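[1] Okay, sequence plus prediction incoming.
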Amino acid sequence: MDLNDFEEHIDEVILDRGLSYYEDGNVISLEHDGDGTWKAVVEGTCDYNVKITVKADGKISRTECDCPYDMGRYCKHEAAVLYAIRDELHPDGISENAPKNGKGNGKAAGPESLTDILEGLDRETLIDIVTEFAHRYEEMKEEIVLRIPKGPMF
């Protein structure tokens, strides 16, 4: 697996989630040590530490994340960081051997971001979704209540 074809080796659902995380700015730090090791922090339920080693030829020799995901070899946080690394190394969006199928350029060629999806919803649908999830997740409900301005609104 390398930076030009990692999409072929990672489950499509994980890739979609990783791309959304990347596009939404959830990769909040990305550092390269100069010897091929990249360290990143990805914001999710909490901040997750991701470490990926890429050889000079673009081959990915190691990936690790401290999230609890155990349903497959790669998690969405690792996928997000792979997109970020590829974009860092090839900011023009096209890497030397990138697939020509619309994937693999680290740009918004994939699914819409969550923000785009939510902005496309009508007010009633958005309220229904937020209400449903607030009932399921007490922390979300508490956070929403904390963000509501107090006092008269002008």
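    Cool, the structure landed. This one's a predicted model, so the numbers in the text were calculated from it and none came from an experiment.

[2] What's the first helix or strand after the one helix or strand in the chain whose mean pLDDT sits lowest?
    One helix or strand of the chain scores below all others by mean pLDDT, DSSP states H and E: helix 114-119, with a mean of 77. Per DSSP states H and E, the first helix or strand lying C-terminal to helix 114-119 is helix 123-136.

[3] Can you list the buried residues in that following helix?
    When burial is assessed from 16 or more other Cβ atoms under 10 Å, helix 123-136 yields the following buried residues: residue 134. C-betas here are computed from N, CA, C, even on glycine.

[4] Show the average pLDDT along it.
    The average pLDDT within helix 123-136 is 83.

[5] can you list contacts of it?
    118, 121, 140, 141, 144 (Cβ atoms under 8 Å, 6 or more residues apart in numbering).

[6] tell me the angle of the helix or strand following it relative to helix 123-136?
    As assigned by DSSP H and E, the chain's next helix or strand after helix 123-136 is helix 138-147. Helix 138-147 runs at 120 degrees relative to helix 123-136, counting by axes from the mean of the first three to the mean of the last three Cα atoms, to 10 degrees.

[7] Could you give the number of residues near residue 23?
    Using other Cβ atoms under 10 Å, residue 23 has 21 neighbouring residues.

[8] One more: residue 2?
    There are 18 residues near residue 2, going by other Cβ under 10 Å.

[9] Report the beta-bridge partner residues of it.
    residue 59 (DSSP bridges).

[10] doesn't residue 59 make contact with it?
    Yes - counting by Cβ atoms under 8 Å, residue 2 touches residue 59, with 4.7 Å between them.
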